[in-house]
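J.: Next comes the sequence, and after it the predicted model I'd like to discuss.
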Amino acid sequence: MTTEKIALTPATHTTPPAKFSHGVKKGNILQVAGQVGFLPAEEGKAPTPAGPTLREQTLQTFANVKAILEEGGATWDDVMMMRVYLTDVDHFAEMNEIYNAYFEEQGLKAPASARTTVYVGLPKGLLIEIDALAVLS
Amino acid sequence: MTTEKIALTPATHTTPPAKFSHGVKKGNILQVAGQVGFLPAEEGKAPTPAGPTLREQTLQTFANVKAILEEGGATWDDVMMMRVYLTDVDHFAEMNEIYNAYFEEQGLKAPASARTTVYVGLPKGLLIEIDALAVLS
Amino acid sequence: MTTEKIALTPATHTTPPAKFSHGVKKGNILQVAGQVGFLPAEEGKAPTPAGPTLREQTLQTFANVKAILEEGGATWDDVMMMRVYLTDVDHFAEMNEIYNAYFEEQGLKAPASARTTVYVGLPKGLLIEIDALAVLS
């Protein structure tokens, strides 16, 4: 396995708002930057979140994380840690339902990732942000 | 060292509120999910935090993190990073006192872990959450 | 590469407010603790942030992270993930400008790190906190 650091940039992703990478991989470590529920990029259009529901934003966020994992040759099974940032404690139960259903559908073969969920401020219109650390086999 | 991903689930821990693992280990990387001050699980009883003081919740949270480390064959000495989430800036000084006394008692042989402490929202009744990343020797 | 865990403690850094290390390194993993914009330590003087502007605090925070990386034989090119904690969503655009200009000046040779930015509470007077995970070659 090469130890060169490479950027993981799915073609459908909107350009990051600053000089950071959506994902990076070095050796067997893959880090996914904080992803939000932005729909696939459209030229000349500002990044737009899926919505307006928590469900739509959460599923789009999962899709955005997954695209970066796949760009790096990883799958959900390689994910060790997910950090889930919500803006509202009242979204916890609904997010967990969406979370469980999504990962049920993904058919994980390895144990589920660890996770931390905390409640923070996010830019206007965003209800959820997720980042992930993966270790490849 | 095997590179299979394994879940770390201490017998005394309450069931996570969603499909995530309290801890996972793969190769030499061990990740502990966000732990709170829940007392050991009792069948038929909802997860209940130690309390009501910050001290009681913090010490129970440390115990919960430690149980996961030990389940994975690690100790506090292997921890590289702890993230401490508090709900109130006014708890910082007291948490540091508890933190220092606890790790003094643990008799660390290696340098202390790095740490980040930030102030966020947590579910009602919880004053502290801690997660940890460890690298095994 | 040794697998011993070592503490990374730049001489100019203020003493941490609790028993944690500013940085630790074990094998090829280097973790930088949450850094804020404290000016270099002066004996007998409490830690004092650069300021009062976001620019001054951010640049001092970068300098403090960088000193720890260098203490561990790493550079910005080895950083996989930066977590940026701001206290005010209105600081996002300005922080990104400072961020971009800073990393332009640093002349990175590898792809930029991944990043997550969230809005949290920090102790009075602090506008930004940053921690970093690096993987050495």
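T.: Perfect, I can see it now.
J.: State the helix or strand in which the residue most central in space within chain A lies.
T.: When chain A is reduced to its mean C-alpha position, the nearest residue by CA atoms, centre = their mean turns out to be A:Val65, at 3.0 Å. Taking DSSP states H and E as the definition, one finds A:Val65 inside helix A:54-71.
J.: near chain C, which residues of chain A?
T.: On the criterion CB under 8 Å from any CB of the partner chain, chain C has as its neighbours in chain A the residues A:3-7, A:16-24, A:26-27, A:29, A:31-34, A:83, A:85, A:120-124, A:129, A:131, A:133. In short, each C-beta sits where N, CA and C put it, glycine included.
J.: Sort out for me which of the residues you listed are in strands.
T.: Secondary structure assignment by DSSP state E places A:6-7, A:23-24, A:26, A:29, A:31-34, A:83, A:85, A:129, A:131, A:133 of the residues of chain A next to chain C in strands.
J.: got the contact list for the residue lying closest to A:Val32 once chain neighbours are set aside?
T.: Nearest residue to A:Val32, sequence neighbours excluded (CB to CB, 6 or more residues apart in numbering or on different chains): A:Ala132, at 4.2 Å. The contact partners of A:Ala132, by CB atoms under 8 Å, 6 or more residues apart in numbering or on different chains, come to A:31-32, A:65, A:69, A:79, A:81-83, A:113.
J.: Try it again at 6 Å.
T.: A:32, A:65, A:79, A:82 (CB atoms under 6 Å, 6 or more residues apart in numbering or on different chains).
J.: Tally up the residues packed near the residue found closest to the third one once you drop the neighbours it is linked to in the chain, please.
T.: Closest residue to A:Val79 apart from its sequence neighbours, by CB to CB, 6+ apart: A:Ser113 at 4.2 Å. Using other CB atoms under 10 Å in any protein chain shown, A:Ser113 has 25 other residues around it.
J.: Isn't A:Ser113 up against A:Arg83?
T.: No. Because the distance of 10.2 Å does not satisfy CB atoms under 6 Å, A:Ser113 is recorded as not touching A:Arg83.
J.: Pull the contacting residues for the residue nearest to A:Val79.
T.: A:Ser113 sits next to A:79, A:82, B:20 when contact means CB under 6 Å, 6+ apart.
J.: Give me the pLDDT value at it.
T.: A:Ser113 carries a pLDDT value of 98.
J.: at contact distance from chain B, anything in stretch A:63-74?
T.: No. Among the residues of stretch A:63-74, none lie within reach of chain B under CB under 6 Å from any CB of the partner chain; the closest is 11.7 Å away.
J.: Quick check: residues of chain A near chain B?
T.: With the criterion set to CB under 6 Å from any CB, chain A comes near chain B through A:80-81, A:89, A:96, A:99-100, A:103, A:110-116, A:118-120, A:135, A:137.
J.: who's A:Val118 bridged to?
T.: When bridges are assigned using DSSP bridges, the partners listed for A:Val118 are A:Tyr85.
J.: So it sits against B:Val84, correct?
T.: No. With contact defined as CB under 6 Å, A:Val118 does not count as touching B:Val84 (11.0 Å).
J.: Distance of A:Glu43 relative to chain B?
T.: Taking CB to the nearest CB, to the nearest Å as the measure, A:Glu43 and chain B are separated by 36 Å.
J.: Contact partners for A:Glu94?
T.: Neighbouring residues of A:Glu94 by CB under 6 Å, 6+ apart: A:Leu54.
J.: wait, A:Ser21 sits on C:Thr116?
T.: No. The pair A:Ser21 and C:Thr116 does not pass the contact test of CB under 6 Å, sitting 12.0 Å apart.
J.: Look at these two and report which has more neighbours.
T.: The residue with the greater number of neighbours, taking A:Ser21 and C:Thr116 and applying other CB under 10 Å, is A:Ser21; the counts read 24 against 20.
J.: Pretty sure A:Thr116 sits against B:Leu122.
T.: No. With contact defined as CB under 6 Å, A:Thr116 and B:Leu122 do not form a contacting pair (10.7 Å).
J.: re the thing from before, select only the buried ones of the residues of chain A next to chain C in PyMOL?
T.: Provided next is the PyMOL selection string for whichever of the residues of chain A next to chain C are buried by 16 or more other CB atoms under 10 Å in any protein chain shown:
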select buried, chain A and resi 5+6+7+16+18+19+20+21+22+23+24+26+27+29+31+32+33+34+83+85+120+121+122+129+131+133
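J.: Contact partners for A:Gly37?
T.: Applying CB under 6 Å, 6+ apart to A:Gly37 gives the contacts A:49-50, A:57, A:60-61.
J.: count of residues packed around the residue lying closest to it once chain neighbours are set aside?
T.: In space, and not counting its chain neighbours, A:Gly37 is closest to A:Gln57: 3.3 Å by CB to CB, 6+ apart. Residues within reach of A:Gln57, counting by other CB under 10 Å, total 23.
J.: Repeat that for A:Gly44.
T.: Burial measure for A:Gly44: 5 neighbouring residues, criterion other CB under 10 Å.
J.: Can you list the buried residues in the helix or strand harbouring A:Phe92?
T.: Under the assignment given by DSSP H and E, the secondary-structure element containing A:Phe92 is helix A:92-106. By neighbour count with 16+ other CB under 10 Å, helix A:92-106 contains the buried residues A:92, A:95-96, A:98-99, A:102-103.
J.: pLDDT value on the residue nearest to the centre of chain A, please?
T.: What the model reports for A:Val65 is a pLDDT of 98.
J.: same thing with A:Met1?
T.: In this prediction, A:Met1 carries a pLDDT score of 52.
J.: what do you get for A:Gly51?
T.: According to the per-residue confidence, A:Gly51 scores 89 in pLDDT.
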